Structure formats: C-alpha cells, structure tokens
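Chemist: okay, here's the prediction I keep looking at, along with the sequence it came from:
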Amino acid sequence: MKRFIYLFVLIIALFVSCDKDQYSYKKFIGGNEIVYAGLAEQIVTRSGNLRVQIEWKKSIDPSVETYMLYWNNNKDSASVSSTDIDADSTYRYIITGLPEYVQGFRIETVNDRGGRSIGQDINSVRVFGPYYQSSLINRKLNDLKYFDTDSVRLYFLPVDSTVVYSKLRYRRSDGGADSIRFMEDSVTLPSYMVGSKPTIQSYYLPEATAIDTFATLVADSLQVL
C-alpha cells in the first residue's frame, strides 16, 4: 500500500511539473503567444527570358495583409498587398532583370499584427537567356518532293519537343514574298518559285511551362532547293 501511495504521488508531481513547463516559454515572449501568418497557396514558377513569373493563390488566413518576395540571396525584394489579389484567382508577379542561371526565391506573408509566416522557399528555378538562345539550331531539311507545276513538299529531320514551330520565308512563282509557319516534320509550299532559296527559322520553348519563346539567332537558307 505504501508503494502504491508513493507511486501515485510521484505521477501527480510529474504531471504538475510537465504542465508548468508547457507554459514556461511565455516568460521569454512577454506572456504573448506567437501567431504566424498563413502561407501563400499553390505556388508555381514559370521561367522566361531573363525573368521568372511567380504565381500563387491568396492565403486562407484572412489576417494576411502583405506578400513579400525575396530573390538574389534575399538582397532584392518586392511586396504585394493582399488587396491586389482576388480570392478566387491566381496572382502572377514577374521578376525581370535576372541573370541566366539557377535562381532561388522565397515568399513570406505578413499579417495585420506584424507577424510573419515561416516562409516558403522555391529552389532550383532556371532562368534562360542569351547562352541558351545561342545553342539553338534551325530544323534541318531531309528530303523534298515537287508536284503539280509549282508546289514543293519539304521533309525535315525529327527534333525534340522544345521546338514549338518553325517559319519558312520563300518566293512565290509570281515573284511575291510569302511565309508559312509549321510544327510538323513536313510542310508544303504552294506556288513556289523554283530555284529561289527559302529560309527557315525555328522557335523553341525551353520548358513546357515557360512564358517566353526563343528564336534561333539567324535564319538558315535551304540550299538544296
């Protein structure tokens, strides 16, 4: 019986001690509880030409007043007021003047009491620019076939999916200039002036979600025609 009473008293003492420790942190924060601001929702980044578009939806926390964006190792920043963001739509903010390499970004929210969120880091966002553009090449002609009196069908070598379309500029049989845009591996030039030299320029989308399309630096002449 004495052992049972001793064990009961010990359990009560431990419970009281733990309960006291649970709230002892308040003496370090002036007795006030820290209230973090809610997080931005559904963050997405879209790369571009020396720029990045950051998208997000409004926080479900109604006390959030400001969204802070940081980049360049937190040396650069921008703020967006909560009133500028519609509750039911996606907000888009474009950061320009970025160097061409992998960048990191951070979003923090601030509530009406000055409390901040824990922050959301967005890492490994690639920024495209002149170096990427200089690596692009125009589509290469593989074969051709004449038909009727002045039409030609051009067949090109397959390419990867980052080529979104190409543009051919050529002379019609009546001497006028014309152009045609195509996405497939072959295209027909109607009323083509035999012996003239069409030029081709290809356009690339570096990523499926990118906001900018890149053209090759120069157009190439299709010499085989």
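Modeler: Yep, it's here.

Chemist: mind checking how far the residue nearest to Val194 when sequence neighbours are not counted is from Met193?
Modeler: Take Val194 and drop its neighbours on the chain: the residue closest to it by C-beta to C-beta, 6 or more residues apart in numbering is Asp150, 6.9 Å away. Every C-beta, even on glycine, is put in place using the N, C-alpha and C of the backbone. The spacing between Asp150 and Met193, counted by C-beta to C-beta, to the nearest Å, is 7 Å.

Chemist: hey, what's in contact with both of those two?
Modeler: Ser173 (C-beta atoms under 8 Å, 6 or more residues apart in numbering).

Chemist: break the protein down into its domains, please.
Modeler: Residue ranges for the domains of the chain, per automatic domain parsing: 41-127, 132-221.

Chemist: hmm, back to that, between Asp150 and Met193, tell me which one has more neighbours.
Modeler: Each of Asp150 and Met193 has its neighbours counted (other C-beta atoms under 10 Å); Met193 has more, 18 against 15.

Chemist: give the contact list for the nearest residue to the more buried one once chain neighbours are set aside.
Modeler: Take Met193 and drop its neighbours on the chain: the residue closest to it by C-beta to C-beta, 6+ apart is Arg171, 4.1 Å away. Each residue near Arg171 by C-beta under 8 Å, 6+ apart is listed here: 177-178, 192-193, 196, 198.

Chemist: what's the farthest-apart pair in those?
Modeler: Ala177 and Tyr192 (12.1 Å; C-beta to C-beta).

Chemist: center of the protein - which residue?
Modeler: Nearest residue to the geometric centre of the chain (C-alpha atoms, centre = their mean): Arg46, 1.3 Å.

Chemist: look at it and give its secondary structure.
Modeler: The local conformation at Arg46, judged by DSSP: H, G, I helix; E, B strand; the rest coil, is strand.

Chemist: what's opposite it in the beta bridge?
Modeler: Gln53 (DSSP bridges).

Chemist: quick check: it touching Ala210?
Modeler: Yes. Under the criterion of C-beta atoms under 8 Å, Arg46 makes contact with Ala210 at 6.2 Å.

Chemist: which of the contacts of Arg171 are buried?
Modeler: With burial judged by 16 or more other C-beta atoms under 10 Å, the buried subset of those is 178, 192-193, 198.

Chemist: can you redo those residues as a markdown table with distance to Thr90?
Modeler: Shown next, in a markdown table, are the buried ones among the contacts of Arg171 (distance: C-beta to C-beta, whole Å):
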| residue | distance to Thr90 |
| --- | --- |
| Asp178 | 40 |
| Tyr192 | 46 |
| Met193 | 49 |
| Pro198 | 42 |
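
Chemist: just these now: which is nearest Tyr165?
Modeler: Using C-beta to C-beta, those come closest to Tyr165 at Pro198, 15.6 Å.

Chemist: identify the residue spatially nearest to the closest one, adjacent ones excluded.
Modeler: Tyr170 (3.8 Å).

Chemist: returning to what we had before: before we move on, which element is the residue nearest to Met193 in?
Modeler: strand 163-171 (DSSP states H and E).

Chemist: pull up the pairing partners for the helix or strand that that strand is followed by, direction included.
Modeler: Proceeding N to C from strand 163-171, the next assigned helix or strand is strand 177-182, under DSSP H and E. Applying DSSP bridges, strand 177-182 is found paired with strand 163-171 (antiparallel).

Chemist: pLDDT-wise, which helix or strand of the chain ranks last?
Modeler: Here the helix or strand of the chain ranked lowest by mean pLDDT, DSSP states H and E is helix 2-22, holding a mean of 49.
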